[in-house]
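>>> Below are the sequence and a predicted model; questions follow.
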Amino acid sequence: MVVFSPRAGKTSFPPIPIDWPDSAFGDEKAMAESRLTQVRERQRTIAQVVNGVLDGRVNCTGNFTLEVSSLITVVRDHRCGIGSVIVLMPNSESSGGEMGVFVNKIGVEISGVPTFTVNHASDARTDRSFRYVIMGTSTIESSTTATSPSEPDISNPDFANVVLLTLNGDGSEGGQDSVDKSNSVHTLTWVGAAAMDTGVQLFNNPTLLLDGTNDWVTIPDHADFGFGAGDFTIEAWMYPTAGGVDQSVVSQWFASQDDLEFTFRLNTDDKFQFAVTNNGVILLLNMIAGIPVNLNHWGYLVAQREGDAWTIWYDGVKTATATNSNSIHNGGDNPDLIIGAIQSGTRRAFSGNIGPIRITKGEAVFVGSPTTIGVPIDVFPEA
């Protein structure tokens, strides 16, 4: 049934209400005194909205500004649902030049309020504002049953199994002062001009800046990094600024001594690659993501072994799997674990910024190798 009101003319099309304000109903006393007036006002608003819809003038709009130094902005709006389409329009000079902005997780409720999530580059500017319009209903028409989206849980291991936790929000501009916050407290040695940087932040914290030539951070070999045939998970954030070159994020890879253990890197196709050997020379596994990473954007990389199942994820999405029961090589040349390069040979030096790194041994953080995993929205827990 369509409700028409003589007071709802064609030139009047107010916004679809985000919610009915308390004032629309009044307190109990006001309701008792003017219940009929309150009801008529509500009917009049509904009629105005309906007439606007019939005229094709849906004013289901809003405004938001991208979060500063963050990868995501969550917009709360009662009017969106799983079947809605969100259209964005830049509302400032800064937002007009914003690249790589996209909307996902539409209709996910937070504290009972539907939301949509905007993914974007991390930037310190405070004026990247957008207008948006919501189109569509709160359900999806389909021949199959539609289910509500759910945010994958952000998983964390038993902290006793974390053997390396570094670049985790500490350090100062230009400083070589980030430390290992795991219980192992490994020593970091800073090479070249490797230093913490506040110019490219993650979660409002400094990150490691590397020049792609002579900068990296080394950690002496340790039994913590001998994974053998056991479960483990390696997680790292990276912000690459150069493409088309091999560049290591974190590795134990002593090429000149045939002591190759694992490498966690980007290849010349700008794809996330995780490779291991079981004898120091011949690759046991060489897992490569199906899509290239985004340059000049933060990306969350994960490699994991759970039993004989091996998986890598990029930005929360499973990108490659393998099955193998062999042990990872743990050689006698004691190669360093290196952040931003490999040991000897062509260093495969990383160009850009590296954020928090967490290595967990003896535990698979993402049990069952799910298709999607929760992408952290803050630094890793330190206990």
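That came through, no problem. Numbers count the residues shown, from 1 in each chain.

>>> Tell me the spacing between the nearest residue to P157 once chain neighbours are set aside and T371.
The spatially closest residue to P157, leaving aside those adjacent along the chain, is T360, at 4.4 Å (Cβ to Cβ, 6 or more residues apart in numbering). For the C-beta atoms, the positions are set from N, CA and C on the backbone; glycine is no exception. T360 sits 21 Å away from T371, going by Cβ to Cβ, to the nearest Å.

>>> and what of F116?
21 Å.

>>> More neighbours: which of these two?
F116 (22 against 11; other Cβ atoms under 10 Å).

>>> Hmm, the more buried one is touching D77, no?
Yes: with contacts defined as Cβ atoms under 8 Å, F116 counts as touching D77 at a distance of 7.1 Å.

>>> Can you give me every residue that contacts D336?
T218, I219, P220, D221, Q252, Q343 (Cβ atoms under 8 Å, 6 or more residues apart in numbering).

>>> One more pass at 6 Å, please.
By Cβ atoms under 6 Å, 6 or more residues apart in numbering, D336 lies in contact with T218, Q343.

>>> Looking at it now. What's its pLDDT?
Model confidence at D336, given as pLDDT, is 88.

>>> For it, give its distance to A160.
In terms of Cβ to Cβ, D336 sits 24 Å off from A160.

>>> So which helix or strand of the protein has the lowest pLDDT on average?
The least trusted helix or strand in the chain, going by mean pLDDT, DSSP states H and E, turns out to be helix 28-54, with a mean of 59.

>>> I'd like the domain boundaries of the protein, if you could list them.
1-59, 61-135, 159-361 (automatic domain parsing).

>>> count of neighbours near D77?
Quick note: D77 (other Cβ under 10 Å) scores 21 neighbours.

>>> Grab the nearest non-local neighbour of it.
Using Cβ to Cβ, 6+ apart, the closest residue to D77 is G62 (6.0 Å).

>>> element containing that neighbour?
Per DSSP states H and E, G62 falls inside strand 61-65.

>>> Who are the packing partners of that strand?
Counting contacts by 3 or more Cβ pairs under 6 Å, 6 or more residues apart in numbering; DSSP states H and E, strand 61-65 packs against strand 129-135.

>>> Direction-wise, compare the strand it packs on with strand 61-65 and give the angle.
150 degrees (axes from the mean of the first three to the mean of the last three Cα atoms, to 10 degrees).

>>> name the helices or strands packed onto strand 129-135?
Using 3+ Cβ pairs under 6 Å, 6+ apart: strand 129-135 touches strand 61-65, strand 85-90.

>>> for the record, mean pLDDT for the longest one?
Confidence over strand 85-90, taken as the mean pLDDT, stands at 88.

>>> Following element in sequence after that strand, please.
helix 93-96.

>>> what does the shortest one give?
Downstream of strand 61-65, the first helix or strand assigned by DSSP H and E is strand 72-76.

>>> Paired strands for that following strand, with orientation please.
Using DSSP bridges, strand 72-76 pairs in its sheet with strand 113-119 (antiparallel).

>>> circling back to that earlier point, what residues does the strand holding G62 touch?
Residues contacting strand 61-65 (Cβ under 6 Å, 6+ apart): V75, D77, S129, R131, Y132, V133.

>>> just to revisit the earlier point, ranking the domains of the chain by burial, who's on top?
domain 159-361 (a mean of 19; mean count of other Cβ atoms under 10 Å).

>>> Among the helices and strands packed on strand 129-135, which comes closest to A364?
Judged by Cβ to Cβ, the one of the helices and strands packed on strand 129-135 that comes nearest to A364 is strand 85-90, at 35.3 Å.

>>> what about that closest one, distance to the chain center?
Centroid separation for strand 85-90 versus its chain: 21 Å, with Cα atoms, centre = their mean, to the nearest Å.

>>> and the domains of the chain as a markdown table, adding distance to I377?
A markdown table is the format used below for the domains of the chain (distance: least, Cβ to Cβ, whole Å):
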| stretch | distance to I377 |
| --- | --- |
| domain 1-59 | 25 |
| domain 61-135 | 7 |
| domain 159-361 | 8 |
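
>>> Among these, which comes closest to D378?
Comparing the domains of the chain by Cβ to Cβ, domain 159-361 comes nearest, at 5.3 Å.

>>> Strands of the stretch 151-300 of the chain, residue ranges please.
162-166, 189-191, 195-202, 205-211, 216-219, 232-240, 247-254, 259-266, 271-277, 283-292, 299-306 (DSSP state E, counting those that start in this stretch).
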